[in-house]
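Visitor: Mind folding the following:
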Amino acid sequence: MIKIKRYIEYYYNFNDINVIKISNYYKFNYNNEEYLFMPLTRQPIEMMQIYKIINGNKNYDSIILNIKNEIITNINGRYFILIKKSNKNNTLYNMIYNSNIVFLNENSIDRIIKTNWCELWSKKIDYIEYQVINTDNNKILINESIWYYIGMAENAISYINDTLSANTKNHNLYISHRRITPVFFNNPLNLLVDYRSRDIAEYLKYVFIEKKYDYIDIEKKLYSLNLDEFLCRLIYGRMFYITFYFDSFDISINNVNNINNNDNLMRDILNRVDEYEDYINNIYLILNKIKKIPKIDWI
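Guide: Numbers count the residues shown, from 1 in each chain. I've put the predicted structure just below:
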């Protein structure tokens, strides 16, 4: 901890900071501002593009340059970035639904029109199948559930492929988020660029897993967004790719920290399978009121 403290003070011109380790990152306060020193989890070119997009925008956490005027700091072969938390006190809902439109060229952040969700999802499913078949594991929760969730993901892939193939209109891209999480929502490492539907669908999954959903409120929010058929279909299709299950799978299969807490989360997910199917059906009914869209018949 002392070494990390000294590195941060040297590379960023801080004096006498009190550094706390939380999971795999470090946290400290300075001049009433909160800072996070985090390992790099994105490609350097992506971080440069993210920096250009959010620099000066107080809605997002800031990337702080080091004494070399660089985004990334190399400490003994490990790469970190320093992030200053935004003081903006937005609700999660407002942060999602008031995102700024971003017009980007084809070389911008990883998730653009030419990067097909379905291609990424298919690679993920191939990886999961390999892990399940070739890894000697005794994870009963995974072994009893994985093929159901792979089947759901395959429904998502087929539905989204059909939707993308039928689309004839150019849609704007937005600053979006890898995951909907209040703690790291506008952390630069969580940012990417995607269709507007990404954050909407992930928000709907988030309120489900947090048991905070209300259909009247959801309908009001969705109606306020002026969605067209393409976006309604993308939202519906994404609901079948059950992000929170696959995140829990990754934690379990890689034996990372807090495995007991993750087992509890996995059990909760599995106990709510029927509830989630009902949830998808109700989301479909709301979206279908906004624009008539095809339904996945089995559910």
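
Visitor: What is the neighbour count of the nearest residue to Ile150 once chain neighbours are set aside?
Guide: Nearest residue to Ile150, sequence neighbours excluded (CB to CB, 6 or more residues apart in numbering): Ile125, at 5.7 Å. The way it works is simple: take the backbone N, C-alpha and C, and place the C-beta from them, glycine included. Counted with other CB atoms under 10 Å, the neighbours of Ile125 add up to 19.

Visitor: what sits against Ile125?
Guide: By CB atoms under 8 Å, 6 or more residues apart in numbering, the contact list for Ile125 reads Ile150, Ala153, Glu154, Ile157.

Visitor: For PyMOL, what selects the buried ones among the residues you listed?
Guide: The buried residues among these can be selected in PyMOL (16 or more other CB atoms under 10 Å) with this line:
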select buried, resi 150+153+157
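
Visitor: biggest separation within the contacts of Ile125, which pair?
Guide: Ile150 and Ile157 (10.3 Å; CB to CB).

Visitor: rewinding a little: closest one of the contacts of Ile125 to His177?
Guide: Ala153 (20.0 Å).

Visitor: any idea which element that closest one lies in?
Guide: helix 140-166 (DSSP states H and E).

Visitor: I'd like the distance from that helix to the chain centre, please.
Guide: 18 Å (CA atoms, centre = their mean, to the nearest Å).

Visitor: After it, which helix or strand is next?
Guide: That would be, after helix 140-166 and using DSSP H and E, strand 173-177.

Visitor: who does that following strand pair up with?
Guide: Here strand 173-177 is paired, per DSSP bridges, with strand 101-102 (antiparallel), strand 191-195 (antiparallel).

Visitor: for the record, mean pLDDT for the longest one?
Guide: By that I understand strand 191-195. Across strand 191-195, pLDDT averages out at 85.

Visitor: and if you look at stretch 85-103?
Guide: Mean predicted lDDT for stretch 85-103 stands at 62.

Visitor: Quick check: phi and psi on the closest residue to Val207 other than its chain neighbours?
Guide: Leaving out its chain neighbours, the residue that sits closest to Val207 by CB to CB, 6+ apart is Tyr213, at 4.3 Å. When read as degrees, to the nearest 10, the backbone of Tyr213 gives phi -90, psi 150.

Visitor: So Tyr213 sits against Tyr279, correct?
Guide: Yes. Tyr213 is within contact range of Tyr279, at 7.1 Å (criterion: CB atoms under 8 Å).

Visitor: now the residue nearest to Val207: how far from Leu204?
Guide: Distance of Tyr213 to Leu204, computed by CB to CB, to the nearest Å: 8 Å.

Visitor: what do these two both touch?
Guide: If you check Tyr213 and Leu204 against CB under 8 Å, 6+ apart, no residue is contacted by both.

Visitor: Looking at those two, which is more packed in?
Guide: The neighbour comparison of Tyr213 against Leu204 (other CB under 10 Å) goes to Leu204, with 22 against 17.

Visitor: what residues does whichever strand or helix holds that one touch?
Guide: Secondary-structure element containing Leu204, defined by DSSP H and E: helix 197-209. Helix 197-209 is contacted from outside by 92-93, 96, 99, 111, 174, 176-177, 179-181, 213, 218, 222, 225, 231, 234-235, 238-239, 242-244, 269, 276, 279, 283, using CB under 8 Å, 6+ apart.
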